[in-house]
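[1] Got a predicted model here, sequence first, then my questions.
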Amino acid sequence: MVFSFARNAWYRSDLYNRSLRRRPPAQINQLTTSPLPGDPARGAALVDGTFHLAARKRPLGRHPFDAVPPGRRAAAELHAFGWLADLAALSGGDARALAADLARDWLARCDRWDALAWAPGVTAARLLAWMDHIDFMTKDDTSGLRATLAASAAAQARHLAKTPVSRGPDDTAAAVGAALATAAQAMPDLAALADTSLSHLETAAGAILPDGGHGARSPALLAAILCRLVAARRALAAGRHEVPASLTSAIQRIVPALKGTTLGDGGLADFNGGWAMPAARLGALVQATGVKVSPASSMPDWGFERLHAGTTVVVADAGGASGGYAGALSFEMSAGRHRLVVNCGAHPDETTEWSKVLRATAAHSTLSVNDTDALPAAPDARAGIGLAARRNEREGSSLVQLSHGGYRPGFGIVHNRDLYLSSAGDDFRGKDWLVGGTGAFTIRFHLHPDVQASELGGGGAVLLKLPGGNGWRFRSAGADLGLEESVYLGDPERPRRSRQIVLRGAAAGGETEVRWSFLREGA
């Protein structure tokens, strides 16, 4: 703590900020390394005065850096300049003029160290955005903006090179490595930073698990890390530097794992703070890697299992809590290109109630006991709670058996869940069974908003209709069945009303078993 305070005081000093600018670069060249395109619709909204930050629309006016929005995530996204790609995708004179004006606004107010605006991940993202789009920002400028941006970018890159970055639950190490590698090529006077970038890239690559996952257990975060690693590889290749074997290996391992958490629509499943990254963006990212592999089925280190047969896909969380999201043993299911069973999603703005509510076990398609959360987040969520996963394949069918003891300390209960998918993909069955202890339990199956659900006569089944008319029938035994309201934030900017199938019962010691099934109509 004392060291951090002293370091920040030094960063804040005039002497340090002047030292970063002793040798301004002669030029800055554009080097496009991002594999992801911008969104012209968001660019148009920006021209009209509205930012999209932390999944909320923010009218910030002509001087947004004077009116930084509440919430660390929104402020970080503002300073990271990711929205610059949206303006560039829109193109046109108005978009270019706005990009230049916003760059001047930032330079006038933020062009010296600040704890948030110059945080390593934010600074790295901003540098990458500037170097991706410097030609776009300065094409029509006659005021010397390019030279000013070059001087600022060089100062920020020098600062990044001095800043310690440890392996953490985000994409910071990968972003810093990519930014330094890109700066070394975009600004010839900073060529030495290519070597500095390698240590950060080694750190980022070292955080990738043997099966291609990441300790934070979020598919969306893994996609963000992959995006940075691809950018770094492009920058190193542009400078004819040898790409480290660890970087190449990390990319090759990530792709099958990431594809293993996609559903039938080609987008990412919603787990542990992520949301449904659209198929087009994910496809562009995977294509940029050049890695052509099938989706992984079992990711034991990362804690995900995938069942796929026919046109049915199920992705199950076998790894417990992560990032405060208590969705142990939850799953998502798609039939064809339509999502059927989902988790409720996530919201990146920590100032909203959504951010808290969506972390709860009740926001996931899994079982909860006495309305409490399973596996509250801890420094090591796997320690001492008996997580287990087994998998069997036979003649095209798949059986995954999962277990966790997160409810044992409070209620003496171990939750076991078996998931079975037939070889034709038309019969998906499950069994939730509780061992030991007592308590009321609730099993939830949150349905995608496009799914129409209606209880059949007698209350023993639910008919599910997908867009296009295809149907599935849900049945259960061992608990009381009902349909209730739910909400879905697969796109956190658009909360949508939905329904959930709910099974309620009570464990009374020994073993309590609930069976359920999704059977395709006409199968």
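    Sure thing, it's come through.
[2] Do a quick rundown of the strands in the stretch 301-450 of the chain.
    Counting by DSSP state E, counting those that start in this stretch, the stretch 301-450 of the chain has strands at residues 304-309, 312-317, 331-335, 338-342, 367-369, 388-394, 397-404, 414-421, 427-435, 438-447.
[3] try the stretch 1-150 of the chain
    50-53, 56-59.
[4] Surely Ile254 is in a strand?
    No. Per DSSP: H, G, I helix; E, B strand; the rest coil, Ile254 lies outside any strand segment and is helix.
[5] Now do the same for it: its pLDDT.
    In this model, Ile254 is scored at 98, pLDDT.
[6] gap between the closest residue in space to Gln252 that isn't next to it in sequence and Thr32?
    Spatially, and ignoring its direct neighbours in sequence, Gln252 is nearest to Val291 (5.5 Å; C-beta to C-beta, 6 or more residues apart in numbering). (Glycine included, C-beta is placed from N, CA and C.) Distance of Val291 to Thr32, computed by C-beta to C-beta, to the nearest Å: 20 Å.
[7] before we move on, what about Gly457?
    Relative to Thr32, and taking C-beta to C-beta, Gly457 is found at 60 Å.
[8] which of these two has more neighbours?
    Each of Gly457 and Thr32 has its neighbours counted (other C-beta atoms under 10 Å); Thr32 has more, 18 against 6.
[9] ok, now how distant is the closest residue to that one other than its chain neighbours from Pro210?
    In this structure, Thr32 finds its nearest non-sequential neighbour in Asp132, 5.0 Å apart by C-beta to C-beta, 6+ apart. Separation of Asp132 from Pro210 (C-beta to C-beta) stands at 32 Å.
[10] In the stretch 351-500 of the chain, where is pLDDT below threshold?
    Applying pLDDT under 70 to the stretch 351-500 of the chain flags the ranges 376-385.
[11] let's go with 90 and repeat that
    For the stretch 351-500 of the chain, the stretches with pLDDT under 90 are 374-387, 457-460, 468-470.
[12] Likewise for the stretch 201-350 of the chain?
    Using pLDDT under 90, the stretch 201-350 of the chain drops low at 274-278, 320-324.
[13] Throw the strands of the stretch 301-450 of the chain into JSON lines and include distance to Lys57 and mean neighbour count, thanks.
    Below are the strands of the stretch 301-450 of the chain laid out as JSON lines (distance: least, C-beta to C-beta, whole Å; neighbours: other C-beta atoms under 10 Å):
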{"stretch": "strand 304-309", "distance to Lys57": "33", "mean neighbour count": "23"}
{"stretch": "strand 312-317", "distance to Lys57": "30", "mean neighbour count": "26"}
{"stretch": "strand 331-335", "distance to Lys57": "27", "mean neighbour count": "26"}
{"stretch": "strand 338-342", "distance to Lys57": "24", "mean neighbour count": "25"}
{"stretch": "strand 367-369", "distance to Lys57": "33", "mean neighbour count": "25"}
{"stretch": "strand 388-394", "distance to Lys57": "41", "mean neighbour count": "14"}
{"stretch": "strand 397-404", "distance to Lys57": "39", "mean neighbour count": "21"}
{"stretch": "strand 414-421", "distance to Lys57": "39", "mean neighbour count": "22"}
{"stretch": "strand 427-435", "distance to Lys57": "38", "mean neighbour count": "21"}
{"stretch": "strand 438-447", "distance to Lys57": "26", "mean neighbour count": "21"}
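[14] got those as JSON lines, with distance to Leu180 columns?
    Converted to JSON lines, those look like this (distance: least, C-beta to C-beta, whole Å):
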{"stretch": "strand 304-309", "distance to Leu180": "32"}
{"stretch": "strand 312-317", "distance to Leu180": "35"}
{"stretch": "strand 331-335", "distance to Leu180": "37"}
{"stretch": "strand 338-342", "distance to Leu180": "39"}
{"stretch": "strand 367-369", "distance to Leu180": "45"}
{"stretch": "strand 388-394", "distance to Leu180": "38"}
{"stretch": "strand 397-404", "distance to Leu180": "41"}
{"stretch": "strand 414-421", "distance to Leu180": "44"}
{"stretch": "strand 427-435", "distance to Leu180": "47"}
{"stretch": "strand 438-447", "distance to Leu180": "42"}
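[15] out of those strands, which comes closest to Arg56?
    Nearest to Arg56, of all the strands of the stretch 301-450 of the chain, is strand 338-342, at 21.5 Å by C-beta to C-beta.
[16] Walk me through which strands the closest one pairs with, and which way each runs.
    Applying DSSP bridges, strand 338-342 is found paired with strand 331-335 (antiparallel), strand 438-447 (antiparallel).
[17] Show residues contacting it.
    263-265, 270, 276, 331-334, 365, 445-448, 450-451, 464, 466-468, 470, 472, 488, 490, 498, 518 (C-beta atoms under 8 Å, 6 or more residues apart in numbering).
[18] Tell me the buried residues within the residues you listed.
    263-265, 270, 276, 331-334, 365, 445-448, 451, 464, 466, 470, 472, 488, 490, 498, 518 (16 or more other C-beta atoms under 10 Å).
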